[in-house]
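J.: just coords:
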DNA sequence: CTCCAATGCGCACATCTGAGCAGCGATCCG
DNA sequence: CGGATCGCTGCTCAGATGTGCGCATTGGAG
């Protein structure tokens, strides 16, 4: 006991000395061995033990480290191609909080897009989050041929969707032409949706959206202030019914339940835009979720495999990891 | 500016990710490169930058780290073979503080001795510090042939020197025989010292001490409670004179000034024990200094080259480094 | 006293990593 | 528009490091 104590005592001193020579003075293990009278193997094993026994601490101290961990965890857990997580300090409260989150997520989402630099046709959705993304796109972040909308983008309500601004910004920053989908996201009946899809202009746009290899879209929630639900084509009764069916949010105007299944087939048939199957077929499909309460729809989108790249805030990332 | 900002932002994320893969998951740079889509060179350079920019922090966190730094500094600055520094928390005050220091230094000194494991003859001095060392020696810390005293060890005062206990403990723990030097450390006249040195028993002991390859001795200070000065052979007047000459302490009964020179030759000739020249000739000469005010004599001993291994407390080490 | 397990050591070998260097594209000037 | 320069990339090559293994020493059990 006593022998162990004093032996490990002297050992610790030696480990500390070796660790300092190695990590502070950057001597090679060979040199350290010569200096303290050990073989380089002994020095190497001592260094192992020093790390093992926490005599040496190696840590990644950057504030973003936590976010990167979330990203890596999301990728590993759900097999995502990529994930970017933005830091949204809990300081801001109330409605402004979601604005802050949107901006923060938009920033990292734009970084991600610029890094991927998709070419050809890029299909986009609309909404406040997408608007925040579009506004932050720097000139020349990639070279694309055409920007096209993924789903219907006109509104009946007084608040404008700014859908055009989004498409135009994507086009302007990439040198691409653009094509809008001049129809509501959700119409009154399935028949009307079918009829609209037969309209040449709409059909062309939908074909282009289907052909696009890249899709960038927001993940919405069925809140009263949601642009989809507030657009005037879904009655309050229908909204309540939708929630009863377990809808946790929408992807390109199609509402999903927690499992990632279409929440209400009847309503879904009234949507104007590409199908989730078409979306899933794209090699790059970037979902952007920002703000509180986005966890369920983010997880649903992941389960439905309609996203293979996720951009979200840290709260959403944590929720997804905790519940997925 | 904005471009720089966003670029370095994404770069930082990448550095953090790469650093985590490297330092936490212990992937090779090659594997990391494959995973994140970079060449191993880019990964290596990213890791360099991550350390450079303090994204990764590597530190030796053990409480002894500071002490080891002092040890290394002592060795480097003064060309010592070894130095061991004990931690003496400033908590204890007054007279007890020196007792604590002695115990702490004795512990590390014993570790050092056990590690060196000197063989043959070991010459030792006496004093409270040496007593603390002796008492902590574990059985079998080394195998020696003979233990012998370096200098006179009888006292005229009422307080016993415990010199015999020291020698006996060294002998008992090493399986060695022992030989005492039955004379005072300092006598009344130089002539008496010479005469004593001619006595067969004393001469034999001195010869053995000279022949020893190893010496272990305390570094004393000229305080009123010093066993040397209190032994009764140095008058209060002489003590005052000694201090006037700049004596900062003694090594085996010989007082040195701050430069490491004999402080008062006339007094020195009255000492009974081996000379500093004989001491300097030994390949292993361990000086032990514990307690406040020991800095000057420690430094003097180093300058005089009578020690090539120093064991002391952290306060003494700091003083020596600050003033040497 | 003998045998055996356990530990620690150093070596050969494979892998990993760092340093210097040439190529190459972008950028900036003249 | 041509040329110089700079930054970045990947390469070669040598040095540094990790790994598995055989050998020796040690400590203990029988």
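T.: Sure, I can see it. What you see is a predicted model, and the numbers here were worked out from it, not measured in a lab. Numbers count the residues shown, from 1 in each chain, chains lettered A, B, ... in the order given.
J.: pLDDT weak spots in the stretch 201-324 of chain A?
T.: A:224-225, A:227-232 (pLDDT under 70).
J.: Now do the helices in it.
T.: Assigned by DSSP state H, counting those that start in this stretch, the helices in the stretch 201-324 of chain A fall at A:236-244, A:265-268, A:276-280, A:295-303, A:314-323.
J.: For the second one, name the packing helices and strands.
T.: Which is helix A:265-268. The contact analysis (3 or more CB pairs under 8 Å, 6 or more residues apart in numbering or on different chains; DSSP states H and E) places helix A:265-268 against strand A:254-257. Glycine gets a C-beta too; all of them are placed from N, C-alpha and C.
J.: What of the fourth one?
T.: Counting by 3+ CB pairs under 8 Å, 6+ apart, the packing neighbours recorded for helix A:295-303 are strand A:214-220, strand A:247-251, strand A:254-257, strand A:284-289, strand A:309-313, helix A:314-323.
J.: how does it look with 10 Å?
T.: helix A:65-78, strand A:214-220, strand A:247-251, strand A:254-257, strand A:284-289, strand A:309-313, helix A:314-323 (3 or more CB pairs under 10 Å, 6 or more residues apart in numbering or on different chains; DSSP states H and E).
J.: now the third one
T.: Applying 3+ CB pairs under 10 Å, 6+ apart, one finds that helix A:276-280 makes contact with helix A:200-211, strand A:214-220, strand A:254-257.
J.: closest one to DNA strand C among these?
T.: Closest approach to DNA strand C among the helices and strands packed on helix A:276-280 (CB to the nearest atom of the strand): strand A:214-220, 22.4 Å.
J.: Now do the closest one against helix A:314-323, angle only.
T.: 90 degrees (axes from the mean of the first three to the mean of the last three CA atoms, to 10 degrees).
J.: so strand A:214-220 versus helix A:200-211, what angle?
T.: Using the same axes, to 10 degrees: strand A:214-220 against helix A:200-211 is 100 degrees.
J.: So which bits of chain A are right by DNA strand C?
T.: Residues of chain A lying close to DNA strand C (CB under 7 Å from any atom of the strand) are A:38-39, A:41-42, A:45.
J.: Switch the residues you listed over to JSON lines; also include secondary structure.
T.: Shown next, in JSON lines, are these (DSSP: H, G, I helix; E, B strand; the rest coil):
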{"residue": "A:38", "secondary structure": "coil"}
{"residue": "A:39", "secondary structure": "coil"}
{"residue": "A:41", "secondary structure": "helix"}
{"residue": "A:42", "secondary structure": "helix"}
{"residue": "A:45", "secondary structure": "helix"}
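J.: Just the buried subset of those, please.
T.: Buried subset of these (neighbour count, 16 or more other CB atoms under 10 Å in any protein chain shown): A:38, A:42.
J.: quick one: which of the residues of chain A next to DNA strand C is nearest chain B?
T.: residue A:38 (12.0 Å; CB to the nearest CB).
J.: just checking, the closest one touches residue A:47?
T.: No. Checked against CB atoms under 10 Å, the pair residue A:38 and residue A:47 is beyond contact range at 11.0 Å.
J.: so who does residue A:12 touch?
T.: A:49-50, A:53, A:55, B:62-64, B:68 (CB atoms under 10 Å, 6 or more residues apart in numbering or on different chains).
J.: before we move on, the earlier item: go through the helices and strands packed on helix A:276-280 and name the closest to chain B.
T.: strand A:214-220 (17.3 Å).
J.: ok now that closest one, how far from the chain's centre?
T.: Relative to the centre of its chain, strand A:214-220 is centred 9 Å away, using CA atoms, centre = their mean, to the nearest Å.
J.: Ok, stretch A:30-50 next?
T.: That offset, for stretch A:30-50, works out to 46 Å (CA atoms, centre = their mean).
J.: now do the same end-to-end measure for that stretch.
T.: 17 Å (CA to CA, to the nearest Å).
J.: and if you look at stretch A:173-189?
T.: Start-to-end, stretch A:173-189 (CA to CA) is 37 Å.
J.: and it, anywhere near chain B?
T.: No. If you take CB under 10 Å from any CB of the partner chain as the test, stretch A:173-189 misses chain B, and the best it gets is 13.1 Å.
J.: in that stretch, what's buried?
T.: Applying 16+ other CB under 10 Å to stretch A:173-189 flags A:173-174, A:176, A:178-187 as buried.
J.: And those residues, which is closest to residue A:98?
T.: residue A:185 (20.4 Å; CB to CB).
J.: in terms of contact, does that closest one touch residue A:274 like I think?
T.: No. With contact defined as CB under 10 Å, residue A:185 does not count as touching residue A:274 (11.8 Å).
J.: joint contacts of those two?
T.: Common neighbours of residue A:185 and residue A:274 (CB under 10 Å, 6+ apart) are A:149-151, A:252-254.
J.: residues touching the residue nearest to residue A:219 when sequence neighbours are not counted, list them.
T.: Of all residues not flanking residue A:219 in the chain, residue A:289 sits nearest, at 4.1 Å (CB to CB, 6 or more residues apart in numbering or on different chains). Counting by CB under 10 Å, 6+ apart, residue A:289 makes contact with A:101-102, A:105, A:109, A:129, A:218-221, A:249, A:295-299, A:301, A:307, A:310-313, A:316-317, A:319-320.
J.: No more questions from me, cheers.
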